[in-house]
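Enquirer: my questions concern the predicted model and sequence given below.
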Amino acid sequence: SIRFGASGIYHKFRPGVNSFYSKTEGETIDNTSGSENINGTEISIYIEDDWDISNVVRVNGGLHVSSFFVQGENYFSVQPRISARFALSDRVSLKAGYAHMTQYMHLLTSSGITRSSDLWVPVTKNVKPQQSRQLSVGTAVAISKMYLLEVEGYYKTMSNAIEYKDGASFLLDASGWEDKIATGDGQAYGVEIFFKKTQGEFTGFVGYTLSWSWRQFEEINFGNRFPFRYDRRHDISLVGKYRFNQKWSMNANWVFYTGNAVTVPTSSYITPNYNGNLYRNQEFPSPGLSYGYPTSNGIVVSAPYRNNYRLPNYSRLDVTASYRKTKKWGAWELTFGITNLYNKMNPSFYYMTDEFDLDTGEIVTKYYQKTLFPIMPTLSYSVKF
């Protein structure tokens, strides 16, 4: 079974945009500034083949060839991939795979504890595409006709990953984002466990991932590797659906994962130009603090290494109930539910202030949590025909 195809995409990017709007009785100011527009053209072709070598061995092999034209530069990439399945019996199989991938967009994320600023930025004549190589090995066991267990381990290496330099920030100065980043390598590895019930009135699955994700840059963290912001040691998903009859059903979805890795200052010192004020100019999003980060009033805060702290673990339970009505022309469905049922105050971001402690007479730095999504009702109506 051979499949092939081609695609072409024209991209328009404007990363690093700052917008300011002010209106008074006599004057309105509406300014937008930022990096110059970046336009790119992506062309790709692919071909893949499913090959049943025997009743025991099945192989899927493919080749993806792409080219990205941007700012007079042409990046060309050949990306092979292959996977194989070995049926040991009617219920047990082993699988293995390898994939080489190229990505023409980068995720540029801050590491500060305040508001995150995740930006998707394109490759340029100065920023090369990110490449990865991933190897995976696993097994699948059909416990019965309605239960399936899958276990898979993976190891992934990345090159040309980008990260904010120490002390750089999205809004720190007027320079473009390309001047604020460093280029380095990454690693990711872990084990995924998936258990699924596929038949009966009650269906659902349990998924658990134990993983590590690292980054390493010569210009960041003294050249030592550090955990990526979205390095999540534990990630759990519980999904269940109960169908009462042909019309009514109920769904529940619980997620849990380890808190993001962020950079939090653990010490500070005063520079010669300290003006005596207690006001701290907290830059947004203040990512890198490894070498010390000067604020406007002459206080420098520093952290021992990049992403030295973990935010609290995240969890949420969503429950929905659905009523479905089938018609000759199709069907409609009414769904209502509750998001974050037990009202977990997961932190969306923090802000930092300096306060005077009346008991000790000292100035202390405090962080305050903000939560954007508490318990919320939901309602949706869909039509299918």
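Expert: Arrived safely.
Enquirer: just want the most central residue of the protein.
Expert: Tyr230 (6.1 Å; C-alpha atoms, centre = their mean).
Enquirer: residue contacts, that one?
Expert: 109, 213, 260-261 (C-beta atoms under 8 Å, 6 or more residues apart in numbering). (C-beta placed from N, C-alpha, C; glycine too.)
Enquirer: looks like Leu88 contacts Leu94 (just checking).
Expert: Yes. In this structure, Leu88 is within contact of Leu94 by C-beta atoms under 8 Å, at 6.5 Å.
Enquirer: can you classify Glu178 by secondary structure?
Expert: helix (DSSP: H, G, I helix; E, B strand; the rest coil).
Enquirer: any idea how far it is from Thr102?
Expert: Separation of Glu178 from Thr102 (C-beta to C-beta, to the nearest Å): 19 Å.
Enquirer: which one's more surrounded, the two?
Expert: Ranked by neighbour count (other C-beta atoms under 10 Å), Glu178 and Thr102 place Thr102 first, with 20 against 16.
Enquirer: ok so the more buried one is a strand residue?
Expert: Yes. Remark: Thr102 belongs to a strand, assigned using three-state DSSP.
Enquirer: pLDDT weak spots in this structure?
Expert: The model of the chain has pLDDT under 70 over residues 16-19, 30-35, 114-117, 167, 169-175, 273-299.
Enquirer: contacts only, for Gly184.
Expert: 161-163, 215-220.
Enquirer: for it, which non-adjacent residue is closest in space?
Expert: Among residues not flanking Gly184 along the chain, Phe217 sits closest, at 3.3 Å (C-beta to C-beta, 6 or more residues apart in numbering).
Enquirer: same check, this time on Val56
Expert: Ala87 (5.1 Å).
Enquirer: what about the closest residue in space to Pro227 that isn't next to it in sequence, neighbour count?
Expert: Spatial nearest neighbour of Pro227, chain neighbours left out: Ala261 (4.3 Å); criterion: C-beta to C-beta, 6+ apart. By other C-beta under 10 Å, 21 other residues sit near Ala261.
Enquirer: I'd say Ala261 and Asp231 touch.
Expert: Yes. Applying C-beta under 8 Å, one finds Ala261 in contact with Asp231, separated by 5.3 Å.
Enquirer: which neighbours do those two share?
Expert: Shared contacts of Ala261 and Asp231 (C-beta under 8 Å, 6+ apart): Asn307.
Enquirer: now the buried members of the contacts of Tyr230.
Expert: Among the contacts of Tyr230, those classed as buried by 16 or more other C-beta atoms under 10 Å are 109, 213, 260-261.
Enquirer: distance of Leu238 relative to Ala252?
Expert: 8 Å.
Enquirer: contacting residues for Phe13?
Expert: Neighbouring residues of Phe13 by C-beta under 8 Å, 6+ apart: 37-40, 121-122.
Enquirer: follow-up on the earlier one: out of the contacts of Gly184, which sit inside strands?
Expert: Of the positions in the contacts of Gly184, 161-163, 215-216 sit in strands, assigned by DSSP state E.
Enquirer: Ser322 is in what secondary structure piece?
Expert: Under the criterion of DSSP states H and E, Ser322 resides in strand 314-327.
Enquirer: can you pull out the strands in the stretch 151-300 of the chain?
Expert: 181-197, 202-216, 226-227, 234-243, 248-257, 261-262, 267-270, 293-294, 299-302 (DSSP state E, counting those that start in this stretch).
Enquirer: of all those strands, which one comes closest to Gly330?
Expert: Closest approach to Gly330 among these (C-beta to C-beta): strand 248-257, 17.6 Å.
Enquirer: buried residues, that closest one. List them.
Expert: Buried, per 16+ other C-beta under 10 Å, within strand 248-257: 249, 251-254, 256-257.
Enquirer: among these, which two are most distant?
Expert: Maximum pairwise distance among the buried residues of strand 248-257 (C-beta to C-beta): 26.6 Å, between Ser249 and Tyr257.
Enquirer: sorry, back to before: which one of the contacts of Tyr230 is nearest to Met345?
Expert: Asn260 (15.9 Å).
Enquirer: surely the closest one meets Arg310?
Expert: Yes. Counting by C-beta under 8 Å, Asn260 touches Arg310, with 7.4 Å between them.
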